[in-house]
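# Sequence below, structure please.
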Amino acid sequence: MIGEGILIECLKDQRVTEILSVSRRPSGKTHPKLSEYIVPEFLNLPESDPKLAGFDACFFCAGVSSVGMDKALYEKLTYDTTMAFAKAIGAQTQLSFIYVSGSGTDRTEKGRLHWARIKGKVENDLSRMAFRQTFGFRIGMMIPAEGQQYVLKYYNYLGWMSPFLKIVSPNIISTMGQVANAMIRVCSEGYISDIISVKDIRKLDQ
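This next block holds a predicted model:
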């Protein structure tokens, strides 16, 4: 859901001149600045894959919910897959890496919530790699982009609440456009923190 939404917004943004969508299946979208790299299994990507060379930024939006999932499988899908992709990019010192994390991510890696520890470990280990800069985007509830096909079912029930939530709890909800804009800005301009909360996303969108 997040990947498709950010892709839609980046295709509309004139600051973005070229996009390589890396996914397990075709996006179903065509655009002059869009190319696709279909990868059945991210864990099998070669290190320093030449197909991933030459870009300014990586927006890593893949992820799964930990609800009802075996811990070992969650670690494989969340930590192993992300780090395998980062290694496939290789030591590109011009590249900014954005990891879509979540509110409550635990960088101490010692908290009681397994999912939060794992995402914290991802953020920590990415920050040690030879990228220009890395950011953990702690997104909250997302308002889908216009034309999105892949939307989590519960958003169909929560969607009508978004105008109300924007007023009473503005720091838990963002639009896909706001998040994409924030991603582009931190990659090109930098930011005071490598942890980007919903509050930061709103600030960057001003």
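
# Distance from stretch 89-107 to the middle of the chain?
8 Å (CA atoms, centre = their mean, to the nearest Å).

# Same question for stretch 48-64.
With CA atoms, centre = their mean, you get 11 Å for stretch 48-64.

# what mean pLDDT does that stretch have?
Averaging pLDDT along stretch 48-64 gives 96.

# Need the residues that contact it.
The contact list for stretch 48-64, computed with CB atoms under 8 Å, 6 or more residues apart in numbering, reads 2-3, 6, 10, 18, 20, 22, 37, 42, 74, 77-78, 81-82, 85-92, 94-100, 102, 183-184, 187-188. Using the backbone N, CA and C atoms, a C-beta is placed for each residue, glycine as well.

# ok, and for that stretch, which residues are buried?
For stretch 48-64, the neighbour count (16 or more other CB atoms under 10 Å) marks 49, 52, 57-63 as buried.

# Okay, strands next: where are they in this protein?
19-23, 34-38, 57-60, 96-100, 133-137, 141-143, 173-175, 195-196 (DSSP state E).

# Strand partners (parallel or antiparallel) of the first one?
Right, strand 19-23. strand 34-38 (parallel) (DSSP bridges).

# for the fifth one, same thing?
Strand 133-137 has the following strand partners under DSSP bridges: strand 96-100 (parallel), strand 195-196 (parallel).

# Quick check: which of those strands is nearest to Asp106?
For Asp106, the closest of the strands paired with strand 133-137 is strand 195-196, at 11.6 Å, according to CB to CB.

# State the mean pLDDT of the closest one.
97.

# Likewise for stretch 26-45?
pLDDT averaged over stretch 26-45 gives 96.

# Same question for stretch 85-103.
Mean predicted confidence for stretch 85-103 is 96.

# who's in contact with the residue nearest to Leu20 when sequence neighbours are not counted?
Once flanking residues are discounted, Leu20 sits nearest to Ser35: 5.2 Å by CB to CB, 6 or more residues apart in numbering. By CB under 8 Å, 6+ apart, Ser35 lies in contact with 18-21.

# Could I get these in JSON lines, plus columns for distance to Leu126, pLDDT and neighbour count?
Formatted as JSON lines, the contacts of Ser35 follow (distance: CB to CB, whole Å; pLDDT from 0 to 100; neighbours: other CB atoms under 10 Å):
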{"residue": "Glu18", "distance to Leu126": "23", "pLDDT": "98", "neighbour count": "11"}
{"residue": "Ile19", "distance to Leu126": "21", "pLDDT": "98", "neighbour count": "19"}
{"residue": "Leu20", "distance to Leu126": "19", "pLDDT": "98", "neighbour count": "14"}
{"residue": "Ser21", "distance to Leu126": "20", "pLDDT": "97", "neighbour count": "18"}
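
# Find the pair from those residues with maximum spatial separation.
Glu18 and Ser21 (11.0 Å).
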